[in-house]
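Asks: structure for this input, please:
(one chain, ligands or ions: 3)
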Amino acid sequence: MLGSGTSMGVPTIACHCRVCSSKDPHDHRLRPSVLLVHQGESAVIDTTPDFRYQVLRAGLERLDAILFTHGHADHILGFDDIRPFNLHQKASLPVYASLETIGILKRTFAYVFDSVPPISTIPRVTLHPIDGPFEVIGTRITPIPAQHGDMGVLGFRFGNAAYLTDFSVLPESSKPLLADLDDLVLDALRDTPHPMHQTVEQALAVIRELQPRRAWFTHIAHELPHSETNARLIAAGYPNVALAYDGLHFEVHV
Ligand SMILES: [Zn+2]
Ligand SMILES: [Zn+2]
Ligand SMILES: [Zn+2]
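Replies: Numbers count the residues shown, from 1 in each chain. Ligands and ions are numbered 1, 2, ... in the order given. Here you go, the predicted model:
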């Protein structure tokens with residue numbers, strides 16, 4: 001997990017709440033992103049505004065693919081910082097995203113996709129619109145469509161794990177794609193309702209329905225203290241559910 005925080009990150013600028021001022025490193029959450037590593041190759045899900053720092057912090061020196069969940073700012077704004085990988089690997093990077101997200105990337109980063117010859121370096125990518133399962137880093141990836149307010153979002157399943165950030169509604173048609181999971185990472189913003197995100201209660205309802213062996217919350221806001229919320233989940237009868245945190249890593253059977 002390169003980042004487990006909500007769009008503004010935790011600590012949040014100018015906030016002095018007990019989570020933002022916590023000394024527990026688990027309460028420090030960069031914007032939401034995941035690094036997948038398989039057979040010496042790497043892929044990231046989303047390029048957050050914290051992408052550069054996340055990559056440095058993880059010691060990542062090679063990138064083979066980028067997957068985008070959707071086009072919100074907290075998931076794409078680090079895109080320009082893929083340039084060192086272009087230079088280092090002397091290659092463009094494959095990008096997998098929905099057509100809607102590709103449209104947002106082209107608008108937001110017009111200088112990357114227009115035909116004006118650049119004077120300085122710009123990201124070099126090859127765009128792959130997602131229209132079904134695909135393969136990156138030697139791993140089959142299954143896109144999981146979900147609803148994020150009035151916007152579409154893609155989760156991704158790889159082997160016995162799935163990553164499902166930024167959603168408010170999981171369509172019935174996507175549920176069979178999430179059967180028999182060892183690990184499910186899913187959106188759980190806070191306790192109070194939000195039109196575009198799951199609450200803790202709503203995320204627990206999804207977990208009860210899908211029955212993954214373990215579940216991890218992500219896109220976490222500053223309303224949820226790490227250790228206290230984990231203790232609360234155990235007390236509520238969910239010993240297999242916990243808040244994800246930056247730096248969390250686990251092996252996935254693919
Ligand atoms: Zn987000
Ligand atoms: Zn705060
Ligand atoms: Zn979003």
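Asks: contact residues of the stretch 101-250 of the chain facing ligand 3?
Replies: D166 (CB under 5 Å from the ion). For glycine as for every other residue, the C-beta is placed from the backbone atoms N, C-alpha and C.
Asks: what segments of the stretch 101-250 of the chain are strands?
Replies: 125-129, 134-136, 139-148, 151-158, 161-164, 183-187, 214-218, 241-243 (DSSP state E, counting those that start in this stretch).
Asks: avg pLDDT for the last one?
Replies: Right, strand 241-243. Per-region confidence: strand 241-243 scores 98 on mean pLDDT.
Asks: ok, now how distant is the residue nearest the centre of the chain from L224?
Replies: Taking CA atoms, centre = their mean, the centroid of the chain lies closest to S33, which sits 3.6 Å from it. Per CB to CB, to the nearest Å, S33 is found 19 Å from L224.
Asks: one more: D80?
Replies: 31 Å.
Asks: cool, L35 as well?
Replies: According to CB to CB, L35 and L224 sit 23 Å apart.
Asks: the two - which one has more neighbours?
Replies: Between L35 and L224, counted using other CB atoms under 10 Å, the more crowded position is L224 (22 against 17).
Asks: now that one, nearest residue through space, not along the chain?
Replies: R190 (6.0 Å; CB to CB, 6 or more residues apart in numbering).
Asks: contacting residues around the residue of the stretch 1-150 of the chain found nearest ligand 3?
Replies: Using CB to the ion, the single residue of the stretch 1-150 of the chain nearest to ligand 3 is H72, 3.4 Å away. Residues in contact with H72 (CB atoms under 8 Å, 6 or more residues apart in numbering) are S7, M151, D166.
Asks: repeat for G59
Replies: With CB under 8 Å, 6+ apart as the criterion, no residue contacts G59.
Asks: what of Q202?
Replies: A188.
Asks: pLDDT value on it, please?
Replies: pLDDT, read off for Q202, is 98.
Asks: measure it to F217 for me?
Replies: For Q202 relative to F217 (CB to CB), the value is 11 Å.
Asks: list residues touching both of those two?
Replies: Counting by CB under 8 Å, 6+ apart, the contacts common to Q202 and F217 are A188.
Asks: contact residues of the stretch 101-250 of the chain facing ligand 2?
Replies: H222.
Asks: what is the neighbour count of S168?
Replies: 21.
Asks: ok, the one 10 residues further on next?
Replies: As a burial measure, L178 scores 21 neighbours (other CB under 10 Å).
Asks: show me where the stretch 1-150 of the chain has helices.
Replies: Assigned by DSSP state H, counting those that start in this stretch, the stretch 1-150 of the chain shows helices spanning 51-58, 73-76, 83-89, 99-108, 110-113.
Asks: please enumerate residues in contact with stretch 184-200?
Replies: Here stretch 184-200 has contacts from 1, 6, 34, 148-149, 151, 161-168, 178, 201-203, 206-207, 210, 212, 214-221, 223-224, 229, 243-244, using CB under 8 Å, 6+ apart.
Asks: and it, end to end?
Replies: One end of stretch 184-200 sits 14 Å from the other (CA to CA, to the nearest Å).
Asks: can that stretch be said to contact ligand 1?
Replies: No. Stretch 184-200 stays clear of ligand 1 (CB under 5 Å from the ion), getting no nearer than 7.9 Å.
Asks: this protein against ligand 1: which residues are in contact?
Replies: Counting by CB under 5 Å from the ion, the residues of the chain near ligand 1 are S7, D74, D166.
Asks: in the stretch 51-200 of the chain, what residue is nearest ligand 2?
Replies: Closest point on the stretch 51-200 of the chain to ligand 2, by CB to the ion, is R190, at 11.1 Å.
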